[in-house]
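1. Coordinates for the following, if possible.
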Amino acid sequence: MGVALTRAAQWTTASSGTGKLEITPVNESLLKEILEFVEQFSSRHPQEAKHVFKEPLQWTTSLEASDFKTEYDISGPTVKSHETDKDGHPMLQLTPPSISVHSFSQLSKIVQLATDKRLKEVRACLEANRDPVAKMLGPSFATVEGEDSSVLRLLEKVKEGDQAKETEIKVKLIILLQQLDTQLLMPFHPPPHSVYYEFTNGCRTPPWRQVHGEICYLVIKPCDTQPLHITCSTAGVFLNGGIRQEGEENSYDRTSDVYKDLVTLLKSKSPHFAENINKQVGFHVKQVAMLIVISCWLLLLSKTPGGVGGADDFSESSSESEEDEEQSERRTESNTDLPSEYWQIQKLVKYLKGGNQTATVIALCSMRDFNLAQETCQLAIRDVGGLEVLINLLDTEEIKCKIGSLKILKEISRNSQIRRAIADLGGLQTMVKILDSPDKDLKYLAAETIANVAKFRRARRTVRQHGGIKRLVELLDCVPDSAALTEEQEKDVEVARCGALALWSCSKSTRNKEAIRKAGGIPLLARLLKSPHENMLIPVVGTLQECASERSYRIAIQTEGMIEDLVKNLNCDNHELQMHCASAIFKCAEDKRTRDLVRQCEGLQPLVTLLSQADNKQLLAATTGAIWKCSISMENVAKFQDYKALETLVGLLTDQPEEVLVNVVGALGEGAQKPANRATIRKCGGIQPLVNLLTGTNQALLVNVTKAVGACATELENMTIIDRLDGVRLLWSLLKNQNPDVQASAAWAICPCIENAKDSGEMVRSFVGGLELIVNLLKSTNKEVLASVCAAIAKIAKDEENLAVITDHGVVPMLAKLTNTTDDKLRRHLAEAIARCCMWGSNRVLFGEAGAVAPLVRYLKSKDSSVHQATAQALFQLSKDPNNCITMHDNGVVKLLLGMMGSTDEVLQEAAAGCVANIRRLALANEKARYG
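-> Prediction:
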């Protein structure tokens, strides 16, 4: 209670005496908790309630003698309790306005007697007794900051038998009061289960559990078993009793064996997880997403350091991985675990701090003799303040000291903690200035160190804001093209290489990409792309492929002739360079001109050759991505057909990471637009793995798989296999997916399935709730979903029974509601659906009543001929109702249709003529009825 009043309660500062408790929500909450504790104390702890306080609690009360009942002697305004101590003194005495209380028993009675004045009495008591525990138990129990050993002293007395009974009660009383303090302080400290709180040692467990080696707790929800409450500790991982934020202490107890890691535990507890994880070489997104939803404290650690900034802070590219948001330090080893190098380096740092120039250079050289790639050595420099010294040396005029400092910073900045510390100490700003130095050694060392540090957003932003991008681009403008170089030229190459490395790191930010372009970086990168030096080409191509997410760069890569160089480097022996070249083509081949250039530069065959590098997953992902995007052009598909690419791609449909599968399936989907390739996919056994992938959860993969399966379904033999594998049902179930891209792709795929299935009407009816589901998708706001669903409804409505069912589900008013669209793709498929739906019952009349006719007439003014054909067919069906004919005539349909009756499209011609004929018949009938 005393600790809570000291640390959490909010007091006024009074110059004339003790402060008062402020009227604040925090204090109100504290008072209510204390009131509840006191009120229930006697009933819960009767023995401890009788303990006589060392000194009475005294305060000015609002109670009067009339408030007291039995168990008290009342004499005028004075009140004394019948209950006395061993010397006969009353345990409560009221002499208005002062009251004196000697036990918890009497305190409990007072708050019960005070009724609606209870909180006022508690407030008055605490204001008059700022440290009530000291008065209850004596001065040795006064509230102090730091470690409280009072309980230990009492326990010693119990052991020694010194007034054992009384001391035991004291022990229980102090423990109860400390528990109250813990309860009161809980809202004012991040709770041990808070996702926001991390102790300085990196642990996320309460201090009293850290002594057992516990690091953090997880809640994992497998799909095939109950949620698993897991403790991660230094000894391994194990199940606990289900810790809650307000959990009991026994919740922390181990309830399972200890496992060496999380994967082993999950394999033991979840058969589904074990089955799926064994199918993969390592962890991939698909398995984790399918099997577990982890709720743990590490999820909310991606806060940007340094507080919230302006709009500039949030302009970073989506290509930035969360490697950028580096994790906090996790070192927990004690000093006794540190190797001798740690202490030796710390001594050298002291020489750096206090030595002259010669001593500084010697210390820097000596420091470089250590293995600076080792984390212990890196952190030794940081822990003793060495980073500040090294950064300060960069501001000196001594070139040797600067070079020595940069060489060390370059090595240790590979550590994420060191990177962040360098940025915090302002090291980046100093290194950016050094880029202007005439000394080439300084320039390349500063650039390479910037490349290491700029791995997280704030660092990249700092480089840009201090003019670093422009300076780094300038470093690129100094490279000779010849392979044989002088010593000075080799330095120029190294300066440019390190400049490209730094730009590569910085280019993960959208604003930095724009800054590189504005600084004239594109033509310089194009020139460096012709370099014969592989170590130069890797950062150059890396920068280009990172920037190729921006359209301006893709156009520049085309116009600057870089595609030819990228293709040429696909044939080199360096897998990393090949991977970056393929990745650049992958991003650039969104544009048709690039796809044509890759083919014209004979880049398609090297891409197919690289598919043989199946063990290198990064290279495989980049290569399959490039093939996918290049396959968007049918001319390229024909080439891939010649190179037997599809056969190889089908072989990659199993046992691959999802990033590879997305690309492989995308390429097959594009290739399957050609009939010969659809047969190839079937003959190579590709239909079954494609259908199997329909059960996944990766949204991009599902979009590509549905497209591929839909393309394959246009072949009757393929459709037979898809139907046998229950592929249509799987496609239909994807209509429930929340992603509109998946919904649209699934609906498009369903169309050829219905078209080519043996008994499509019965097949569709066999899907419970399937027709209602697809009709309800007409409520979507996504135009691609609406167009695809309309196309599917047009196919479904060919079966009379299914048409009757979807009519009952309200398809007519829903379709009519969409007719005011201006989107030609949606217009075409909507008109087809309306034409088909007119063939049941009174649907034609209902469409007219719903106002669908007049908007359809406007479709005939579209520039898309496919819209004309579908609209004419819909109008022909609608014109079989006289009222619809009148509406059409009033909206000028005859003139539009007369022009289309001369079309070379026979379907359009026939539908237009039929519609005009129906209107003419109605007009003749009216004339005959009028004039006889």
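
2. Please make it C-alpha for all contacts and neighbour counts, starting now.
-> OK.

3. for stretch 906-913, what is the average pLDDT?
-> Stretch 906-913 carries an average pLDDT of 91.

4. ok, and for it, which residues are buried?
-> 908-913 (16 or more other Cα atoms under 10 Å).

5. go on, stretch 217-230?
-> Residues of stretch 217-230 classed as buried: 217-222, 228-230 (neighbour count, 16+ other Cα under 10 Å).

6. Make a markdown table out of the residues you listed and add secondary structure.
-> Output for those, formatted as a markdown table (DSSP: H, G, I helix; E, B strand; the rest coil):
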| residue | secondary structure |
| --- | --- |
| Tyr217 | strand |
| Leu218 | strand |
| Val219 | strand |
| Ile220 | strand |
| Lys221 | strand |
| Pro222 | strand |
| Leu228 | strand |
| His229 | strand |
| Ile230 | strand |
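
7. Now for the residues you listed: which two are most distant?
-> The two members of the buried residues of stretch 217-230 with the most space between them (Cα to Cα) are Tyr217 and Pro222, at 16.0 Å.

8. How far away from the center of its chain is stretch 873-881?
-> Chain-centre distance of stretch 873-881: 51 Å, with Cα atoms, centre = their mean, to the nearest Å.

9. do stretch 678-698 as well
-> In terms of Cα atoms, centre = their mean, the centre of stretch 678-698 is found 30 Å from the chain centre.

10. Which residues does it contact?
-> 285-286, 289-290, 646-647, 650-651, 653-654, 658, 665, 671-672, 702, 705-706, 708-709, 711-712, 715, 718, 721-722, 725, 727, 730-731 (Cα atoms under 8 Å, 6 or more residues apart in numbering).

11. where does Glu48 land in three-state SS?
-> Going by three-state DSSP: Glu48 is helix.

12. all helices for the stretch 501-650 of the chain, in order.
-> 510-518, 521-528, 534-547, 551-559, 562-569, 575-588, 592-600, 604-610, 617-630, 634-642, 645-651 (DSSP state H, counting those that start in this stretch).

13. got TSV for those helices, with mean pLDDT too?
-> Formatted as TSV, the helices of the stretch 501-650 of the chain follow (pLDDT from 0 to 100):
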stretch	mean pLDDT
helix 510-518	92
helix 521-528	91
helix 534-547	91
helix 551-559	89
helix 562-569	92
helix 575-588	93
helix 592-600	92
helix 604-610	93
helix 617-630	94
helix 634-642	92
helix 645-651	92
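
14. closest one to Asn356 among those?
-> Going by Cα to Cα, the one of the helices of the stretch 501-650 of the chain nearest Asn356 is helix 534-547, 38.1 Å.

15. Could you count how many residues lie near Leu846?
-> 16 (other Cα atoms under 10 Å).

16. Look at His889 and say how many residues are nearby.
-> 17.

17. same question, Thr904
-> Thr904 has 9 nearby residues by other Cα under 10 Å.

18. Give me the phi and psi for it.
-> phi -80, psi -10 (degrees, to the nearest 10).

19. so what's it up against?
-> Per Cα under 8 Å, 6+ apart, neighbours of Thr904: none.

20. So it versus Ser865, what's the distance?
-> The gap separating Thr904 from Ser865 is 11 Å, by Cα to Cα, to the nearest Å.

21. how close does the nearest residue to Ala816 once chain neighbours are set aside get to Leu348?
-> Once flanking residues are discounted, Ala816 sits nearest to Ala852: 4.9 Å by Cα to Cα, 6 or more residues apart in numbering. Distance from Ala852 to Leu348, counting by Cα to Cα: 85 Å.

22. In this structure Glu341 contacts Cys377, no?
-> Yes: with contact taken as Cα atoms under 8 Å, Glu341 and Cys377 are classed as touching, separated by 6.7 Å.

23. Common neighbours of those two, please.
-> Common neighbours of Glu341 and Cys377 (Cα under 8 Å, 6+ apart) are Phe370.

24. End to end on stretch 767-784, go ahead and measure it.
-> Stretch 767-784: ends 23 Å apart by Cα to Cα.

25. what do you get for stretch 42-53?
-> Stretch 42-53 has its terminal residues 15 Å apart, counting by Cα to Cα.

26. my guess is Val775 meets Ile806, correct?
-> Yes: assessed by Cα under 8 Å, Val775 is found in contact with Ile806 at 6.9 Å.

27. Give me the common contacts of the two.
-> Between them, Val775 and Ile806 share no contacting residue, judged by Cα under 8 Å, 6+ apart.

28. Low-confidence regions, the stretch 351-500 of the chain specifically.
-> Residue ranges of the stretch 351-500 of the chain with pLDDT under 70: 354-355, 479-484.

29. part of a strand, is Ile74?
-> Yes: Ile74 forms part of a strand when assessed by three-state DSSP.

30. So what are the structural domains in the chain, by residue number?
-> 1-57+103-141, 205-243+253-273, 759-931 (the TED database).

31. which one of the ones you listed lies closest to Thr543?
-> Per Cα to Cα, nearest to Thr543 of the domains of the chain: domain 759-931, 34.6 Å.

32. Show me how far that closest one is from its chain's centre.
-> With Cα atoms, centre = their mean, you get 44 Å for domain 759-931.

33. next one: stretch 604-624
-> 29 Å.

34. How about that stretch, which residues are buried there?
-> Result for stretch 604-624 [16+ other Cα under 10 Å]: buried residues 604-608, 610-611, 618-624.

35. Let me have these in TSV, extended by distance to Ser405.
-> Putting the buried residues of stretch 604-624 into TSV (distance: Cα to Cα, whole Å) gives the following:
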residue	distance to Ser405
Leu604	47
Gln605	48
Pro606	44
Leu607	44
Val608	47
Leu610	42
Leu611	45
Gln618	35
Leu619	36
Leu620	40
Ala621	39
Ala622	38
Thr623	41
Thr624	44
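
36. Out of the residues you listed, flag the one nearest to Lys470.
-> Closest to Lys470, out of all of the buried residues of stretch 604-624 and judged by Cα to Cα, is Ala622, at 29.8 Å.

37. Around the residue lying closest to the closest one once chain neighbours are set aside, count how many other residues there are.
-> Nearest non-adjacent residue to Ala622, counting by Cα to Cα, 6+ apart: Ser583, 4.7 Å away. Other residues near Ser583 come to 28 when the count uses other Cα under 10 Å.

38. How about Ser29?
-> 13.

39. Look up phi and psi at it.
-> According to degrees, to the nearest 10, the main-chain angles of Ser29 amount to phi -60, psi -40.

40. Distance of it relative to Ala9?
-> 10 Å.

41. ditto for Val171
-> 25 Å.

42. ok, which stretches of the stretch 1-150 of the chain are strands?
-> Remark: strands assigned in the stretch 1-150 of the chain by DSSP state E, counting those that start in this stretch are 57-60, 72-75, 78-81, 92-95, 98-101.

43. out of those, which comes closest to Ala872?
-> Per Cα to Cα, nearest to Ala872 of the strands of the stretch 1-150 of the chain: strand 57-60, 94.2 Å.

44. and the closest one, which strands flank it?
-> strand 98-101 (antiparallel) (DSSP bridges).

45. Over the partner strand, what's the mean pLDDT, rounded is fine.
-> Mean predicted lDDT for strand 98-101 stands at 94.

46. Counting neighbours, which bits of it end up buried?
-> Result for strand 98-101 [16+ other Cα under 10 Å]: buried residues 99-101.

47. Kindly reformat the residues you listed as JSON lines containing distance to Asp759.
-> Below are the buried residues of strand 98-101 laid out as JSON lines (distance: Cα to Cα, whole Å):
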{"residue": "Ile99", "distance to Asp759": "93"}
{"residue": "Ser100", "distance to Asp759": "94"}
{"residue": "Val101", "distance to Asp759": "91"}
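
48. do you know how far Leu176 is from Ala49?
-> 11 Å.

49. now Ile919
-> For Ile919 relative to Ala49 (Cα to Cα), the value is 100 Å.

50. now swap in Thr821 and tell me
-> Distance from Thr821 to Ala49, by Cα to Cα: 79 Å.

51. quick one: which of the two has more around it?
-> The neighbour comparison of Thr821 against Ala49 (other Cα under 10 Å) goes to Ala49, with 20 against 15.
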